[in-house]
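Q: build me a model from this:
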Amino acid sequence: MNHSLFHKCDQFVLDRCQKHGPFLMRLAIFVVYVWFGLLKVLGMTPADELVDALLTRTFPFVPEASFLIFLGIVEIFIGTLFFFPKFTRMAVLLLVIHMITTLLPLMLLPELTWAGFLQPTLVGQYILKNIVILALAMSVGMTCKPIGESK
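A: Alright, predicted model coming up:
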């Protein structure tokens, strides 16, 4: 391939990533959070057994149905915040707190999340993919200017 053509293609890809990447990152988080949140609110989530097992282990006095609706609303709220750049800091902070709680089953419910050493079950894989969402949120957070810095 012509050296100049390679650089032009490379620059084209980089320009598109820089131009559209931040919006697409926000959109991806919005879609996943709002979609999964709506499933919880509507009582259609496949995660209800996992949430029930975690609640039983941590807060057995909290009714699962009420908690699932609350959790769904929180997820919808977090996803929606990502659509508004001025709320990025709050969105990232809430997402990080949420992610900490979503990773708890890996430690508290090993019978559901691990088939063997470093061998996650399907539920474990579902949870581990949250590392990617966390990294994506941190990338969105990097688009913020430091507080007090002019735009």
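
Q: and the residue nearest the centre of the chain?
A: residue 133 (3.9 Å; CA atoms, centre = their mean).

Q: residues contacting that residue?
A: 29, 32, 95, 99 (CB atoms under 8 Å, 6 or more residues apart in numbering). In short, each C-beta sits where N, CA and C put it, glycine included.

Q: tell me the mean pLDDT over the helix or strand hosting the last one?
A: Okay, so that is residue 99. Here residue 99 sits within helix 88-103, counting by DSSP states H and E. Across helix 88-103, pLDDT averages out at 95.

Q: flag every buried residue along it.
A: Neighbour counts over helix 88-103 (16 or more other CB atoms under 10 Å) mark 88, 91, 92, 94, 95, 98, 102, 103 as buried.

Q: what sits against the nearest residue to the fifth one once chain neighbours are set aside?
A: Counting by CB to CB, 6 or more residues apart in numbering, residue 137 is the residue found nearest to residue 95 once chain neighbours are left out, at 4.6 Å. The contact partners of residue 137, taken as CB under 8 Å, 6+ apart, are 29, 82, 91, 92, 95, 96, 99.
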